[in-house]
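Student: Pasting a predicted model and its sequence here:
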Amino acid sequence: MEQEGLLRAGQAAWRVTLDDVRRRFPRSEAASLRPDKVRGDHDLNPGFGPPDALREAAVLVPLVDRVEGPTVIFTQRTAHLTAHAGQISFPGGRRETYDHSPEDTALRETEEEIGLPRERIEILGRLDTYVTRTGFRVTPVVGMVRPPIALVPDPTEVEEVFEVPLTFILDPDNPKRHSREFMGGQRHFYVFPYQQRYIWGATAGMLVNLRDVLREAP
């Protein structure tokens, strides 16, 4: 019985509502920027820095307001893409000259990739900038998605759209640390293994950032 009580207490520790999430992010537009901290593939690999020239990009970290608890939307990229083919990612992409802000990029790309209109999304704030080895400086934008939603993935870019419970992301057993041989050395990275899928790379790094934010005092 004591063990069951401890288990229930541990589970409650990583359950959060979207109201909890809101309290972790500034409310005013002027305060929407978190301290200028840069994360990236180099976090677990000292000396494994990004290219000198970086291209601006943004992704949406979409949290869905489900009755049973918040979920996170992910996409699986199609296998024929030239970059990050088949990988699991957030909707997003390169910032275009007509985008007014990273939020604008994230909302535009999300609508283009999965058919989720910006009117269904409430922007909550940003995570830390994430720099990738492939040469992108990515701004992760956290948004709350209000159901009902009917997603229409772009078949040229998106193989599948799926949701993962936020409780899984916050579970203390996640993430795992994996490594593999890359460019003559061992590269270390985070992995969130969910069912038959592996969420890794930049997406997993951003999820680690999200976990850190949600553990901050409101």
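Tutor: Here it is on my side, so go on. Fair warning: this is a prediction, and the values are worked out from it, not measured in the lab. Numbers count the residues shown, from 1 in each chain.

Student: can you count the residues close to the residue nearest to Arg66 when sequence neighbours are not counted?
Tutor: Closest residue to Arg66 apart from its sequence neighbours, by Cβ to Cβ, 6 or more residues apart in numbering: Pro147 at 7.0 Å. All C-beta atoms are positioned from the backbone trio N, CA, C, and that covers glycine. Using other Cβ atoms under 10 Å, Pro147 has 10 other residues around it.

Student: Who are the contact partners of Pro147?
Tutor: Pro147 makes contact with 64-66, according to Cβ atoms under 8 Å, 6 or more residues apart in numbering.

Student: filter those to the buried ones?
Tutor: The neighbour-count test (16 or more other Cβ atoms under 10 Å) marks Val64 as buried among the contacts of Pro147.

Student: In this structure, mark out all the strands, start to finish.
Tutor: Assigned by DSSP state E, the chain shows strands spanning 38-40, 55-64, 71-77, 88-89, 92-94, 121-126, 129-131, 136-145, 158-165, 176-182, 185-194, 197-200.

Student: Just give me the lowest mean pLDDT stretch among the ones you listed.
Tutor: Of all the strands of the chain, the minimum mean pLDDT falls on strand 176-182 (a mean of 70).

Student: if I pick Arg94, what's in contact with it?
Tutor: If you count contacts by Cβ under 8 Å, 6+ apart, Arg94 has them with 55-57, 105, 136.

Student: Tell me who's in contact with the residue lying closest to Thr110 once chain neighbours are set aside.
Tutor: Once flanking residues are discounted, Thr110 sits nearest to Pro91: 4.1 Å by Cβ to Cβ, 6+ apart. Contacts here follow Cβ under 8 Å, 6+ apart; on that basis Pro91 touches 59-60, 62, 73, 75, 106, 109-110, 113-114, 116.

Student: Please render those residues as TSV that adds neighbour count and distance to Phe168 to the earlier fields.
Tutor: Converted to TSV, the contacts of Pro91 look like this (neighbours: other Cβ atoms under 10 Å; distance: Cβ to Cβ, whole Å):
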residue	neighbour count	distance to Phe168
Val59	26	19
Leu60	29	19
Pro62	26	15
Ile73	22	13
Thr75	26	17
Ala106	32	23
Glu109	23	24
Thr110	29	22
Glu113	24	23
Ile114	20	20
Leu116	25	21
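
Student: Just put those residues in a markdown table and tack on distance to Ala204.
Tutor: Shown next, in a markdown table, are those (distance: Cβ to Cβ, whole Å):
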| residue | distance to Ala204 |
| --- | --- |
| Val59 | 13 |
| Leu60 | 16 |
| Pro62 | 16 |
| Ile73 | 15 |
| Thr75 | 14 |
| Ala106 | 18 |
| Glu109 | 20 |
| Thr110 | 19 |
| Glu113 | 19 |
| Ile114 | 20 |
| Leu116 | 22 |
